[in-house]
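**Student:** pasted the sequence and its predicted model underneath.
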Amino acid sequence: MTDREFVDANRANWDERVESHLEAYEAASFADNADEITSVVVDDLALLKDSLPDQSPQGLRLMHLQCHIGLDTLSWARLGAVVTGIDFSPKSVAAAAELAARASIPARFVESSIDDVTDVISEQFDVVYTSIGVLPWLPRLDTWARAIFELLEPGGVFFVRDAHPMVYAVDFDRTDELVITQPYFESGRAIRYDEGTTYADDSVRLENSVTYEWPHSLSEIIQSLLDAGLQITSFGEHRTIPWAALPGLVKDADAARYRLPDSPERLPLTFSVIARRPLA
């Protein structure tokens, strides 16, 4: 199979997830509650705000890559940003647009892959944003990083937070200890999964159950951004993650984040990078 065929299989899987994710994330309630902001965006804003004018997204043009059903995108809109979300799943994009209409939020959602986004979107943005569960779905990061550079206004800010690559290298089936069995470094080969359910609701059986992911090391992620011409201004590794990425994780007190049950210094669960397009 080619990378395009792998991506097509992933698209079919994500299309099929939409209905269950709308329920699992209580999307209708989110749309109806004008004060609600997702916990992902709450955490991301805490990391990003010092890189924003006046420490606020108010009035900034924000592009959200791999936006899925748009709850995080709409959260940025509620914080004052002028938002555009893109996703390769047409059903995700349609659901996001419906939620925006229900919430009376002026947001734009566009169907596109990362590789095609600059052919579909011609303008540039103050902020390009992507977060949580995004990078392993991309076969290549060089085209990803170049798209980010082209989408940013000179001086604009890029932000990514995602599961730490070490998390994907840990054996998911071992609950007694942390054991590295999966690849950490990129190999150019897709890893095939056939889980049949979605992380948000394991009671739903998916017909399009097979998905493909690609490992990307921290060095590959950071170097791809540097090679594209971006200047990295901040890098962090963090001890919590927004979903049960490993079976031994436990919920924090607010139930919005997961952590190791003991000795959290053993493993970073997420990382974040902030970068900027140079003015010239």
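**Tutor:** Great, that's in hand. Quick caveat: nothing in here was measured; it's all calculated off a predicted structure.
**Student:** can you list the weak-confidence ranges in this protein?
**Tutor:** For the chain, the stretches with pLDDT under 70 are 196-205.
**Student:** strands of the stretch 1-150 of the chain, start to end?
**Tutor:** Using DSSP state E, counting those that start in this stretch, the strands of the stretch 1-150 of the chain run over residues 61-64, 82-87, 108-111, 125-131.
**Student:** ends of stretch 73-82, what's the gap?
**Tutor:** 10 Å (Cα to Cα, to the nearest Å).
**Student:** list of residues touching that stretch?
**Tutor:** Contacts of stretch 73-82 with the rest of the structure, by Cβ atoms under 8 Å, 6 or more residues apart in numbering, involve 30-31, 34-38, 40-41, 45, 56-62, 64, 67, 83, 85, 96, 99-100, 103, 105-107, 109, 127, 129. Backbone N, C-alpha and C define where each C-beta goes, glycine included.
**Student:** drop anything exposed from those.
**Tutor:** 30-31, 37-38, 40-41, 45, 57, 60-62, 64, 67, 83, 85, 96, 99-100, 103, 105, 107, 109, 127, 129 (16 or more other Cβ atoms under 10 Å).
**Student:** need the strands of the stretch 1-150 of the chain in TSV with distance to Leu267, can you?
**Tutor:** Below are the strands of the stretch 1-150 of the chain laid out as TSV (distance: least, Cβ to Cβ, whole Å):
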stretch	distance to Leu267
strand 61-64	28
strand 82-87	30
strand 108-111	35
strand 125-131	20
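**Student:** sec struct for Ser272, please.
**Tutor:** Put simply, Ser272 is strand when judged by DSSP: H, G, I helix; E, B strand; the rest coil.
**Student:** can I have the longest helix along the chain written out in PDB, keeping just the CAs?
**Tutor:** For the chain, the helix with the greatest residue count under DSSP state H is helix 3-24. Extracted C-alpha coordinates of helix 3-24, given in PDB (Å, rounded to 0.1, in the frame of the first residue of the first chain):
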ATOM      1  CA  ASP A   3       0.900   6.400   2.000                       C
ATOM      2  CA  ARG A   4      -2.100   7.800   0.200                       C
ATOM      3  CA  GLU A   5      -3.900   4.400   0.600                       C
ATOM      4  CA  PHE A   6      -2.900   4.400   4.300                       C
ATOM      5  CA  VAL A   7      -4.300   7.900   4.700                       C
ATOM      6  CA  ASP A   8      -7.500   7.000   2.900                       C
ATOM      7  CA  ALA A   9      -8.000   4.100   5.300                       C
ATOM      8  CA  ASN A  10      -7.500   6.500   8.200                       C
ATOM      9  CA  ARG A  11     -10.000   9.000   6.800                       C
ATOM     10  CA  ALA A  12     -12.600   6.300   6.600                       C
ATOM     11  CA  ASN A  13     -11.900   5.400  10.200                       C
ATOM     12  CA  TRP A  14     -12.200   9.000  11.400                       C
ATOM     13  CA  ASP A  15     -15.400   9.600   9.400                       C
ATOM     14  CA  GLU A  16     -16.900   6.600  11.200                       C
ATOM     15  CA  ARG A  17     -15.800   8.000  14.700                       C
ATOM     16  CA  VAL A  18     -17.600  11.200  14.300                       C
ATOM     17  CA  GLU A  19     -21.100  10.200  15.600                       C
ATOM     18  CA  SER A  20     -19.700   8.500  18.700                       C
ATOM     19  CA  HIS A  21     -17.300  11.300  19.400                       C
ATOM     20  CA  LEU A  22     -20.100  13.900  19.300                       C
ATOM     21  CA  GLU A  23     -21.800  11.900  22.100                       C
ATOM     22  CA  ALA A  24     -18.700  11.100  24.100                       C
END
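**Student:** who touches that helix?
**Tutor:** Helix 3-24 is contacted by residues 27-28, 68-69, 87-92, 95, 113, 137, 139-140, 190, 198, 200-201, 204, 206-212 when judged by Cβ under 8 Å, 6+ apart.
**Student:** buried residues, it. List them.
**Tutor:** Applying 16+ other Cβ under 10 Å to helix 3-24 flags 6-7, 9-18, 20-22 as buried.
**Student:** looks like Leu138 contacts Ala145 (just checking).
**Tutor:** No: here Leu138 does not reach Ala145: they are 10.2 Å apart, not a contact under Cβ atoms under 8 Å.
**Student:** neighbour-wise, which of those two wins?
**Tutor:** Applying other Cβ atoms under 10 Å to Leu138 and Ala145 shows that Ala145 carries more neighbours, namely 23 against 19.
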